[in-house]
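Q: please work out how this folds:
(2 chains)
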Amino acid sequence: MTTLHPNSILDGPADHIPDETDLIEAAMRWHFDPRTGSRFWLDQADTLGFDPREDIHTVDDLARFPNIVDRLRYVPAGDLIPRGYAGQDDAVYGVYDSGGTTGPPKRVVFMTDWMQRLLVHTDQEMDERDYPRRVDWLALAPGGPHMFGAFVRESVRRRGRLGFTVDLDPRWVKKCIATGRGDQAEQYADHIVAQARAVLESQDIGVLITTPPLLERLVRDEELHKLIADRVQVIEWGGAHLDPDTRYLLRTEVFPHNRMVGRYGSTMILASAIERDGLAPDAPCVFDSFSPYVTFRVVDPETGEPVPYGSRGRVVMNHVSKSALLPNNLERDEATRIEAPPGRPGDSVADVAPVAMFGDSPVIEGVY
Amino acid sequence: MAARSPSTAPPAGNRAEPAGNRAELIELDALGPAGPYRSRNRLPITDLAGVPLAELSLVPSLYVHRAIAALRAAEPLPAADRLAALTRAGEAFTTETIGGLSVDAYAHAVSRISGMPIQIVRHATETTRRALLDAGRDARQARPMASVDDWHDPATRGGRAVWTRRGEVFAVHASGNHPGVHALWPQALALGYRVAVRPSRREPLTAHRLITALRAAGFGPDQVAYLPTDHTVADEIISAADLSMVYGGDDVVAKYGADPTVLVQGPGRSKILLAGENWHQHLDTLVDSIGDEGGTACVNATAVFTDSDPGGLAAALAERLAAIPTLPPEDDRAVLPCQPTKQAAALERFLLDHAAGTTPHLGGTGITDPVAGGGVALRPAVFQVDRADAAQTGIELGFPCVWVAPWSPADGIGPLRNSLVLTALTHDERLLDQLVDDPTIRNVYVGDHPTYWMRPDVPHDGYLGEFLMRTKTVLRD
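A: This is a model prediction of the structure:
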């Protein structure tokens, strides 16, 4: 790949993981240099109150940035592309939306070099977890406008054979539920399960990608459960939370002989974190991020300070690469703070869940 | 009360409570097709003072669906075995130590957790024993006379109605207002249903004890299940089961009222009408209807309508009800229900807000009274409204609280509608005809009978069997 502004750290080999400080300092120079930075970041460099090129060196320093993700709902997405990519063919892989759970969708631009880096890394992760090669995959996942469909397609191209897909529109489901049309959400889920059934019954699927709620629906049907248990080698879940009790039941009772791997992704990190290898069914479900490009911190949302290891807090996400800078994003999710693998920056997270709901609202009237 | 979310369970080795305290908690495991199941997501069940006494294992939807699938796949026990097992379970429920709790320890824990006076708990225990003993007989009260129980009956040779189940799995969203609610659903077991009960977090002990006893008595884990869930999973039980019974207020009626697979046990709003009667002669029945069972039941009188001297009647009721002592619920002499202080304060605010514009005779400045050991008793309240159709007469609260209203024949039966029980103290036959004919009045007691009068062989809100069963013709050679 030719680039007009070669950078030994940001453009390093895809299988090389840079040092934390090297990466962050190089990225700050890149994103805040008027010749290479994006319009989005250059426009607000003056309002930060600090000079990223001077003051930001580590993952912890990223906490000085404001959380800009809400602005991604409105800015022209083209303004997010670093100018340093100008003149380079095929630099852009695509533009993708967040789920839109918390309002209008946020948009991010996925650059081709980042996709390459991510795929090489994912390939390694899948090898470590004994994902089979050259088998057929079935993904029950959104195609566009979310990045996950593209990511699966690329993964299959790299290491699989045929990639079967069943598209789904999570926003429609959320809308149905929010407006009290739960029956329509049910019908939609049935529609997806029916399509999945057609593939599972006729094709030899080795890797199944799905969300926990859809997986639950698939196994409610004993025939589908048996088909998956007999044929599928790896069941990868993501896109929604999986509570520890359900995960335990799935691993011990429903799929005791299949490999289940979780993925905790977010559009706002342009990636996903994969479940740590070798965890027992009863162990907390730990996700390790693709650091130092993607890092997590688990903080007390009141103070912004890290919670002790083993305690619950809110997840803060950072993405720092040549392709994008998305720092200090306080997510809605809660997680247990876990030590990152040795020598890796940031935190790992376990048992991710939406911010805890506290009981039913008090019902006063009536005897029940 | 904060549900401990699934994920708040910290990693092993970091669990907060010392082992000594945990050991004393009553563990209310789910009771599923593979036996007791202790989930990671457990809800602390606290007593009136906020002290944790028990832990309720909340199961996820996957567990619910698998449990109900197992119930559906199971064959019911033979009819005679079902009835024998119900009887044995009733004996054990009333006499034996179950799940580590003696009968006394069970009643004590229920009173401390739910605030229900302990004598009412003990009485409900005995009621439940009798209900289990007679579940087969009581369930069959609903069988149409023209039908037979079994297609093998010789009568089917010439063609005959057979009484059959409408489904296989019956789910119950139980309420926690009174332990006696668990005396009804065992009729479904008698009829051959497999039953899944979702307990109320307000009082999850009784269902756990009863289902444990039923299992020990011969109902296998694929016959009856105890499935505590948080509210997000509650609907899954209903959608997975064939038929369900749900207790709740107007919100529940609105949600499930149109669903033919759901039997809603809605608000009671029981009432008493005095027309052409001297209320002085019925004061005992009035007071008992308001305050028996601690005023917690759907059959307690919520409103009293009288065609003479409502002010005098309200004053007399207030005088009698005011004499009830404030005692902690575990006291043998306790009559009033208790609640945690904060919850009771919200209830009190609700009452006083809604009583604005009425004439208070008792409880006008508040109804909470602290008890030893934490929490407050809910003291009786008597308010007088100035018209028969005052909206307050429909406000049913879980303690002795009554609205006294004037009534005249010109008001008609409109204000008396929507009642689980209507005690009519009147000799006006035409009025009684109207009351018995009205579809929104589910039971009519004519004369000096308290609203809480019940006998298992007569319907409470229709027969459960009317909902669970249907007839079909069997004709054979």
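Q: what's the first-to-last distance across stretch B:325-342?
A: Its first and final residues considered, stretch B:325-342 spans 21 Å by Cα to Cα, to the nearest Å.
Q: next structured bit after the helix or strand that contains A:Thr295?
A: Assigned by DSSP states H and E, A:Thr295 falls within strand A:294-299. Using DSSP H and E, the helix or strand that follows strand A:294-299 towards the C-terminus is strand A:312-320.
Q: for A:Arg29, give me its contacts.
A: Counting by Cβ atoms under 8 Å, 6 or more residues apart in numbering or on different chains, A:Arg29 touches A:Arg53. To be clear about C-beta, it is placed using only N, CA and C from the backbone, and glycine gets the same treatment.
Q: what secondary structure does it sit in?
A: Here A:Arg29 takes the helix state, with states given by DSSP: H, G, I helix; E, B strand; the rest coil.
Q: regarding the nearest residue to A:Arg259 once chain neighbours are set aside, what are the backbone dihedral angles?
A: Counting by Cβ to Cβ, 6 or more residues apart in numbering or on different chains, A:Arg259 lies nearest to A:Val234, which is 4.8 Å off, once chain neighbours are set aside. Torsion angles at A:Val234 (phi, psi; degrees, to the nearest 10) stand at phi -130, psi 130.
Q: rewinding a little: which secondary structure elements does the strand holding A:Thr295 sit against?
A: If you count contacts as 3 or more Cβ pairs under 8 Å, 6 or more residues apart in numbering or on different chains; DSSP states H and E, strand A:294-299 packs onto strand A:271-275, strand A:312-320, strand A:325-339, strand A:347-354.
Q: in JSON lines, list the ones you listed along with distance to B:Asp477, mean neighbour count and mean pLDDT.
A: Converted to JSON lines, those look like this (distance: least, Cβ to Cβ, whole Å; neighbours: other Cβ atoms under 10 Å in any protein chain shown; pLDDT from 0 to 100):
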{"stretch": "strand A:271-275", "distance to B:Asp477": "63", "mean neighbour count": "24", "mean pLDDT": "96"}
{"stretch": "strand A:312-320", "distance to B:Asp477": "69", "mean neighbour count": "23", "mean pLDDT": "97"}
{"stretch": "strand A:325-339", "distance to B:Asp477": "67", "mean neighbour count": "21", "mean pLDDT": "95"}
{"stretch": "strand A:347-354", "distance to B:Asp477": "62", "mean neighbour count": "23", "mean pLDDT": "94"}
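Q: now distance to chain B too, for the ones you listed, in a markdown table please.
A: Output for these, formatted as a markdown table (distance: least, Cβ to the nearest Cβ, whole Å):
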| stretch | distance to chain B |
| --- | --- |
| strand A:271-275 | 14 |
| strand A:312-320 | 6 |
| strand A:325-339 | 6 |
| strand A:347-354 | 4 |
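Q: output those in a markdown table, with distance to B:Pro328 appended to each entry.
A: Formatted as a markdown table, those follow (distance: least, Cβ to Cβ, whole Å):
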| stretch | distance to B:Pro328 |
| --- | --- |
| strand A:271-275 | 50 |
| strand A:312-320 | 36 |
| strand A:325-339 | 38 |
| strand A:347-354 | 38 |
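Q: among these, which comes closest to A:Asp167?
A: Distance to A:Asp167, taken as Cβ to Cβ, is lowest for strand A:271-275 among these, at 18.9 Å.
Q: ok, B:Asp307 - how many residues close by?
A: By other Cβ atoms under 10 Å in any protein chain shown, the residues close to B:Asp307 number 18.
Q: can you check the one 4 residues further on too?
A: Using other Cβ under 10 Å, B:Gly311 is surrounded by 13 other residues.
Q: what's downstream of the one helix or strand it maps to, the next helix or strand?
A: Using DSSP H and E, B:Gly311 sits within helix B:310-322. Using DSSP H and E, the next helix or strand after helix B:310-322 towards the C-terminus is strand B:338-339.
Q: and the contacts of whatever helix or strand comes next after that following strand?
A: Past strand B:338-339, further along toward the C-terminus, the next helix or strand under DSSP H and E is helix B:341-354. Residues outside helix B:341-354 that contact it (Cβ under 8 Å, 6+ apart) are A:362, A:364-365, B:338-339, B:363-364, B:366-368, B:370, B:374-376, B:378, B:381, B:392, B:395, B:397-398, B:401.
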